[in-house]
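Enquirer: sequence and predicted structure below; questions after.
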Amino acid sequence: MGVRTFIEGWPVYRQLTGDDPLGRGAAAQSKKSKSLTPRTAEADSVAKSICPYCAVGCGQRVYVKDGRVTQIEGDPDSPHSRGRLCPKGSASEQLVNGPQRMTQVKYRAPYATEWSDLDLETAMEMIVDRTIEARRRGWQDADDQGNKLNRTMGIASLGGATLDNEENYLIKKLFTAMGAIQVENQARI
């Protein structure tokens, strides 16, 4: 590589001698960066979604290629986030593709010392059976003065910040319909 080639490859030289005197465009690009294409350009489809972390509900664009999420970016059409995401929202692609993501239901039976894998159907049936039994055992028709209660003290819910507004709304409706009165979210604690 000669001195002239080296100097012409220098961004300051391109900035001073080219059409980009402020160095905000082509002068600042290297040969390698000019050849790069964004991951979003190769996507088969783009789905609009909502960030799952907090109650703000920032809009996201989810880029999918070959049935796999390849990138998640802020949605510029979102009226309140206007394409911006916080650090957690920017990293939400790892919720789908992270190597630590659990793909099977883990279960540890009472008094067991080891975890075992369960299929989703069995796990869901166990949850339903336990919920119905806890509701039945904790049900209160009326208080000591005869006031109608129609509630259960055997079920409670504590939501998390990874749920969006719609999910929290549906959980509140579900638990209220089951008679639970202890419904809370970690965002208020």
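Expert: Nice, thanks for sending it over. Numbering: from 1, shown residues only.
Enquirer: list the buried ones in the lengthiest strand in the chain?
Expert: Across the chain, the strand with the greatest residue count (assigned by DSSP state E) is strand 148-159. The neighbour-count criterion (16 or more other CB atoms under 10 Å) identifies 151-155, 157, 159 as the buried residues of strand 148-159. Using the backbone N, CA and C atoms, a C-beta is placed for each residue, glycine as well.
Enquirer: cool, and stretch 90-103?
Expert: By neighbour count on 16+ other CB under 10 Å, the buried set for stretch 90-103 is 92-93.
Enquirer: can you list contacts of it?
Expert: For stretch 90-103, contacts defined as CB atoms under 8 Å, 6 or more residues apart in numbering pick out 51-53, 60, 68-72, 74, 85.
Enquirer: one step back: mind giving me the packing neighbours of the helix or strand following the longest strand of the chain?
Expert: Reading on from strand 148-159 to the C-terminus, the next helix or strand found by DSSP states H and E is helix 165-177. Judged by 3 or more CB pairs under 8 Å, 6 or more residues apart in numbering; DSSP states H and E, the packing partners of helix 165-177 are strand 148-159, strand 180-185.
Enquirer: what does the shortest one rub up against?
Expert: So that's strand 180-185. Residues outside strand 180-185 that contact it (CB under 8 Å, 6+ apart) are 135, 151-153, 155-160, 163, 168, 171-172, 175-176.
Enquirer: same question, the longest one
Expert: The list of residues contacting strand 148-159 from outside it, by CB under 8 Å, 6+ apart, reads 131, 134-143, 167-168, 171-172, 175, 178-187.
Enquirer: can you map out the helices along this structure?
Expert: With DSSP state H as the definition, the chain shows helices at residue ranges 3-8, 11-17, 31-35, 87-90, 93-97, 120-137, 165-177.
Enquirer: report the buried residues of the second one.
Expert: What that stands for is helix 11-17. Across helix 11-17, burial judged by 16+ other CB under 10 Å covers 14-15.
Enquirer: flag the shaky bits of the protein, pLDDT-wise.
Expert: Across the chain, the ranges flagged by pLDDT under 70 are 1-10, 23-27, 187-189.
Enquirer: tell me the domain boundaries of this structure?
Expert: Following automatic domain parsing, one gets these domains for the chain: 3-35, 39-97, 102-132, 138-189.
Enquirer: out of these, which one sits most buried?
Expert: Of these, the one with the most neighbours on average (mean count of other CB atoms under 10 Å) is domain 39-97, at a mean of 15.
Enquirer: ok, now how distant is Thr122 from Asp44?
Expert: To Asp44, Thr122 is 34 Å away according to CB to CB, to the nearest Å.
Enquirer: dihedrals phi and psi, the residue nearest the centre of the chain?
Expert: With distances taken as CA atoms, centre = their mean, the residue of the chain nearest its centroid is Pro52 (3.5 Å). Main-chain torsions, Pro52, degrees, to the nearest 10: phi -80, psi 0.
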